[in-house]
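Asker: sequence and predicted model, in that order:
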Amino acid sequence: MSLLDFIILFIIAAITGSIARKLVGFERGGCILSAIVGFIGAIIGTWIGREFDLPEIWSPIIRGIKYPFIWSILGAVIFTLVLTLISPKKRK
């Protein structure tokens, strides 16, 4: 994996993580946290898709690498929901 491939993966992970965080309403953290949520969401979502033999809805191929975008968002939403449940509530 080249540096450009890693940068593309980081950007896609940040986008999927931020979409999931907005869907759930988790507002803590910034871009790095969104990328981490996106990476973990990609692992969880891809695993769920394979375990239940679900079709790949939209997986763009960039520089020969397939990115499971929809499953990454689904996995990131699940991970963000878990984060929301275990993180302490913000005081106002």
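Answerer: Yep, it's here. Numbering: from 1, shown residues only.
Asker: K89 versus the residue nearest the centre of the chain, what's the distance?
Answerer: Taking C-alpha atoms, centre = their mean, the centroid of the chain lies closest to G38, which sits 2.4 Å from it. Counting by C-beta to C-beta, to the nearest Å, the gap between G38 and K89 amounts to 24 Å. In short, each C-beta sits where N, CA and C put it, glycine included.
Asker: can you check E27 too?
Answerer: Counting by C-beta to C-beta, the gap from E27 to K89 is 12 Å.
Asker: check L54 too.
Answerer: 34 Å.
Asker: neighbour-wise, which of these two wins?
Answerer: Set L54 next to K89 and count neighbours by other C-beta atoms under 10 Å: L54 wins out with 13 against 6.
Asker: model confidence for the more buried one, exactly?
Answerer: As predicted, L54 sits at a pLDDT of 84.
Asker: pretty sure it sits in a strand.
Answerer: No: counting by DSSP: H, G, I helix; E, B strand; the rest coil, L54 falls outside a strand, being coil.
Asker: right, and the helix or strand after the lowest-mean-pLDDT helix or strand in the chain?
Answerer: Every helix and strand in the chain was compared by mean pLDDT, DSSP states H and E; the lowest is strand 65-66, with a mean of 77. Next along the chain after strand 65-66, taking DSSP states H and E as the criterion, comes helix 69-86.
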